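> got a sequence here, can you model it:
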Amino acid sequence: METQDQQPATSTQQPVPPSEAQVPETNQQVQDGNITGQEAQSLPTQGMFLPPGQSIPGNGIPVFPNADDTFAALQHTVYNNGAFTNPGVIMPPSSQLEMLGLNNSSAGQPANPANGNGLSADDIALYDRQLRLWGMEAQQKIQSANIVIITMKALANEIAKNLVLAGIGSLTVVDDQIVTEADLGAQFFLTEEDIGKSRAEASVSRIQKLNPRVKVIADSESIMTKGASFFGNFDIIIATDLSPTLLAFINTATRLHNRQFYAAGTYGFYGYIFCDLIEHDYMVQRDKSNVPTAIGPETRTRSIVKVESQKEGGKTIEKVQKRELYSTWDLASETSSLPPEYLKSKRRLKAVSPALSCLRALWAFQQTHNDNFPGNNKEDLGTFTRSATHNHQLLSLPAETLRSEFLRSFLQNIGNEIAPVTAILGGQLAQDVINVRGQRQQPIQNMVVFDGDKMEAEMYPLHPEGKLGRAQLELSTSPIVPLGHVDPSQMLPWTKQA
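Here you go, the predicted structure:
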């Protein structure tokens, strides 16, 4: 196991051994943040952020004609924690693209195609096996993708490996950290010779060797120095092993530029994948049944928007275009409840991993402790335990599924990287990116939680009450002026006030 970069939150109290900390004994139930049979303690209001109700934050965010101004204002309006530097003077988009080696007019496009499919003969020979899986059209879309990965640790290693081997157009690696000895255990793009070097640059040299046809770029600057226009240069943004505050910050920028966003992280035997595709259309092809397919909603997040039929080999094939709607990170990770089909079934609620409650408790702790992990002291462990219990109740999960044994295991795994876990989640995320680009299969909706105790990665649709998709970020003021090479037709809808 490898230790992650973040350090435990500091506390005014002296650390105590795990045996003396207020973590419940093995296999005892936790009720209201306490061991069964002990006196209940009130949940402190200071130092623990537990959002009320199903309110949608962000309605009061000021919107400026310049998207970077809006992005910069968020740090004062939404977070106001001083964790982010002011984007200040933003590099002109054209210069920024040249610096990154990108040009939206040609980046990721196959050169000199030798056939009507837009792929060269060499491309077809190289990607023959995957072309048999998802076809020429999907491969073209994959090869035109410009993707950025933020933070190159073990999980990002797996994601980058799979995407580059699949033949995406370009991959930009953003990481301002240097290589340490702790990076060598679970990260296979680094060696001892890289210690002290830029983690982004050291990784990129070996990523490039996987597939010379993919443009791989290293960016050693901090992601906190980037303006909103930076994210508009990419089709998909993947943020790994970052704090929840920074994830919400990035997700806001991707929404402003109508870009697809993934977030993922691992904590030893546990981890998650989140995606905000805003609104995503994909095509399902199947044999036509005797029952006609109706256009309209299938679930709260999924609807059928178009149905076509055609004859193929004596069969009638039905092509069904479906649309998935998504929510932002801050809404899904804080207050959103499980869908009605879970709440109506005790069996399904009992099967939900308690890792979901613990992940939410961890993210809430980080938001109020300068993005640090819980330390090994009574105050931090007690705060985390009460928060996990509270989140378990908010999700309407049975109390008996959140046991002290699981809480202890989760806390002990925080801050570690385990290669098999990063391989599972990294492979799943990369595969979903490929599916999204090819638009041939249903994507993740919208949170995957990996529980290493069960060796299961379950998907949970977590959404607040109210609007989903683009409607979540409706702006009632002047439209945001797109910066860089952004297609205005892809910008979010807006409504002018009377």
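> if I look at Y127, how far off is I168?
To I168, Y127 is 11 Å away according to CB to CB, to the nearest Å. The way it works is simple: take the backbone N, C-alpha and C, and place the C-beta from them, glycine included.
> okay, these two: which has more neighbours?
I168 (29 against 22; other CB atoms under 10 Å).
> quick one: low-confidence ranges for the stretch 301-450 of the chain?
For the stretch 301-450 of the chain, no stretch is flagged by pLDDT under 70.
> what about the helices in it?
Using DSSP state H, counting those that start in this stretch, the helices found in the stretch 301-450 of the chain span residues 329-334, 340-343, 346-351, 355-368, 378-394, 404-413, 419-438.
> what helices or strands is the third one leaning on?
What it means is helix 346-351. Helices and strands touching helix 346-351, by 3 or more CB pairs under 8 Å, 6 or more residues apart in numbering; DSSP states H and E, are helix 340-343.
> contacting residues for D451?
D451 makes contact with 269-270, 353, 355, 457-458 under the criterion CB atoms under 8 Å, 6 or more residues apart in numbering.
> that one bridge partners, please.
Taking DSSP bridges, one obtains Y270, E456 as the residues bridged to D451.
> and it, how close does it get to T401?
Using CB to CB, D451 is found at 11 Å from T401.
> next one: stretch 273-283 to chain centre, how far?
11 Å (CA atoms, centre = their mean, to the nearest Å).
> and that stretch, what's buried?
Neighbour counts over stretch 273-283 (16 or more other CB atoms under 10 Å) mark 273-278, 280, 282 as buried.
> now do the same end-to-end measure for it.
Terminal residues of stretch 273-283 are spaced 23 Å apart (CA to CA, to the nearest Å).
> tell me which residue of this structure is furthest from the middle?
Here the chain reaches farthest from its C-alpha mean at G314, the gap being 43.1 Å by CA atoms, centre = their mean.
> measure that one to G135 for me?
21 Å.
> and for the closest residue in space to K197 that isn't next to it in sequence, the neighbour number?
Of all residues not flanking K197 in the chain, V179 sits nearest, at 5.4 Å (CB to CB, 6 or more residues apart in numbering). By other CB under 10 Å, the residues close to V179 number 25.
> V179 and A202 touch, don't they?
Yes. With contact defined as CB atoms under 8 Å, V179 reaches A202; the gap is 5.5 Å.
> what's the overlap in contacts for those two?
The contact sets of V179 and A202 overlap at 190, 194 (CB under 8 Å, 6+ apart).
> show me which pair in the buried residues of stretch 273-283 is furthest apart.
Greatest spatial distance among the buried residues of stretch 273-283 (CB to CB): F274 and Y282, at 18.7 Å.
> OK, contacts around the residue nearest the centre of the chain?
The residue lying closest to the centre of the chain (CA atoms, centre = their mean) is A263, at 1.6 Å. Neighbouring residues of A263 by CB under 8 Å, 6+ apart: 238-240, 242, 247, 250-251, 273-275, 329.
> let's see that with 10 Å instead.
By CB atoms under 10 Å, 6 or more residues apart in numbering, the contact list for A263 reads 150, 237-242, 244, 246-248, 250-251, 272-276, 329, 332-333, 429, 447.
> where does it land in three-state SS?
Of the three states, A263 takes strand according to DSSP: H, G, I helix; E, B strand; the rest coil.
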